[in-house]
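Peer 1: missing the sequence, but the structure's below:
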């Protein structure tokens, strides 16, 4: 259950928001961010009045896919709270000596802090030079874990793993952190990992795939961050892997869902089903990903950082051309308003300085609003958010009264199953899906009726 904010703190926080000229219509949002922040500090063992916890909190919001504008608003809410803790604590954790009394804005999104005029003894404690044993241990623990999270992020970035991998691995490391609360990262042992994996299977009853994901995350952390090998992992209670048969829609059900979707979500689903794309692969498409002359869609940096091409459905070519005209009009309007361009990844923007503003680099499915980037003080456009597409699909499935647990990924399953049903070769389907191993593709043999002749017969006897 989320931490409850005392009424006295709510009242003072509301007054402080008024003093900071925050519109009354936005104050509920600021109160929400404060509640999230205090709950975060309580959950992960941070001192709520310690400014060093803010960077971890903002990073957590980023992992939760909060936008830059939301993270900026959350940061402002916490800064207002920091002003309050200079007047006296209202939460369980007391304010340490030397914590900020006032956050003074020195630039957009940047603050510097003034501390109370303390004596020399208090100032040393505030700096951490002569903190008590418990405070010193806690500070070292916080520093150790902060460093571990940064190094994990760096190691994943060096290998060009996807943001989802970073989010997943960081989440499992945080769970391990909480499981062994009070223990430094470097002090973690193989026994800790065994206990954690067993806890997930026995107490949390997680699926086998979740337990394996946790294992891989901790293996990566030990090997690349701590510089240690796992060795033998035995004696761990393993979650049972159940046979999985994916949900597949019939062609009539696919058409019913499409009929209940509005533009541009209907076009997104047509590409998911027509090309067998994963949702993130579809939303990551750029204008230049479409090749109408060759009739193919090029998928860059799919799962496992692999590229592939898939046939472009001829039936939706007119819709795609009309869609590109709308994207072009939006792009021209953005340029006229002086926006900084689409988001580019890795070193592309340094290598091609004007690429972000070029039409070919714009997202095929651009977001409806621009995203503010506080670091560079500029506006950029991102692609449609995955959650918006998922929500639209869920609503369409419900309106179509389809009694199946259909998601965005269901259309990829349907693509493979319908090709198999049409007697396409399993190796061809494997290539179109971008699977590394044909055994992954073989799961779709369980989703359709078998049409294979099983009776042994010599080819000489064929008529």
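Peer 2: Thanks, I have the structure now. Predicted model, so just to flag it, every value in this text is computed and none were measured.
Peer 1: could you give the mean pLDDT of stretch 383-402?
Peer 2: The average pLDDT for stretch 383-402 rounds to 95.
Peer 1: which residues are in contact with that stretch?
Peer 2: Contacts to stretch 383-402, defined as CB atoms under 8 Å, 6 or more residues apart in numbering, come from residues 65, 249, 253, 256-262, 264-265, 268-269, 279-280, 283-284, 363-368, 404, 406-408. The way it works is simple: take the backbone N, C-alpha and C, and place the C-beta from them, glycine included.
Peer 1: pull the longest strand from this structure.
Peer 2: If you go by DSSP state E, the chain has its longest strand at strand 366-373.
Peer 1: downstream neighbour of that strand in the secondary structure list?
Peer 2: Following the chain from strand 366-373 toward its C-terminal end, the next helix or strand by DSSP states H and E is strand 378-383.
Peer 1: after that following strand, which helix or strand is next? Please name it.
Peer 2: Counting by DSSP H and E, the element after strand 378-383 in chain order, helix or strand, is helix 386-399.
Peer 1: what comes up buried for that next one?
Peer 2: In terms of neighbour count (16 or more other CB atoms under 10 Å), helix 386-399 has its buried residues at 389, 392, 393, 396, 397.
Peer 1: over to stretch 146-164?
Peer 2: Of all the residues in stretch 146-164, those buried under the rule 16+ other CB under 10 Å are 146, 148, 149, 152, 155, 156, 161, 162.
Peer 1: I'd like those residues as a markdown table, with pLDDT appended.
Peer 2: Supplementary listing: the buried residues of stretch 146-164 in a markdown table, determined by pLDDT from 0 to 100:
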| residue | pLDDT |
| --- | --- |
| 146 | 87 |
| 148 | 90 |
| 149 | 90 |
| 152 | 92 |
| 155 | 91 |
| 156 | 90 |
| 161 | 83 |
| 162 | 80 |
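Peer 1: how about the buried residues of helix 386-399 in CSV, adding distance to residue 140?
Peer 2: Rendered in CSV, the data for the buried residues of helix 386-399 read as follows (distance: CB to CB, whole Å):
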residue, distance to residue 140
389, 44
392, 48
393, 48
396, 53
397, 51
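Peer 1: closest one of the residues you listed to residue 294?
Peer 2: Compare each of the buried residues of helix 386-399 with residue 294 using CB to CB and the shortest gap goes to residue 389, at 26.7 Å.
Peer 1: report the separation between the closest one and residue 279.
Peer 2: In this structure, residue 389 and residue 279 are separated by 6 Å, where distance is defined by CB to CB, to the nearest Å.
Peer 1: which neighbours do the two share?
Peer 2: Here residue 389 and residue 279 share the contacting residues residue 408, scored by CB under 8 Å, 6+ apart.
Peer 1: hang on, the earlier thing: and the contacts of stretch 383-402, which of them are in helices?
Peer 2: Restricting the contacts of stretch 383-402 to those inside helices, with DSSP state H as the criterion, leaves 253, 256, 257, 258, 259, 265, 268, 269, 279, 280, 283, 408.
Peer 1: what's the neighbour count on the nearest residue to the fourth one once chain neighbours are set aside?
Peer 2: Computed as CB to CB, 6 or more residues apart in numbering, the closest residue to residue 258 that is not its neighbour in sequence is residue 266, at 5.4 Å. Using other CB atoms under 10 Å as the criterion, residue 266 is surrounded by 17 other residues.
Peer 1: against residue 418, how distant is the residue lying closest to residue 421 once chain neighbours are set aside?
Peer 2: In space, and not counting its chain neighbours, residue 421 is closest to residue 448: 4.5 Å by CB to CB, 6+ apart. Computed with CB to CB, the distance linking residue 448 and residue 418 is 8 Å.
Peer 1: mind checking which of those two has more residues around it?
Peer 2: A count of neighbours by other CB under 10 Å puts residue 418 above the other of residue 448 and residue 418, at 20 against 15.
Peer 1: can you pull the contacts of the more buried one?
Peer 2: By CB under 8 Å, 6+ apart, the residues touching residue 418 are residue 251.
Peer 1: which SS class is it?
Peer 2: Here residue 418 takes the helix state, with states given by DSSP: H, G, I helix; E, B strand; the rest coil.
Peer 1: before we move on, what about residue 297?
Peer 2: strand.
Peer 1: count of neighbours near it?
Peer 2: For residue 297, the count of nearby residues is 23 (other CB under 10 Å).
Peer 1: show the buried residues in the ones in helices among the contacts of stretch 383-402.
Peer 2: Neighbour counting with 16+ other CB under 10 Å marks 253, 256, 257, 258, 265, 268, 269, 279, 280, 283, 408 as buried within those.
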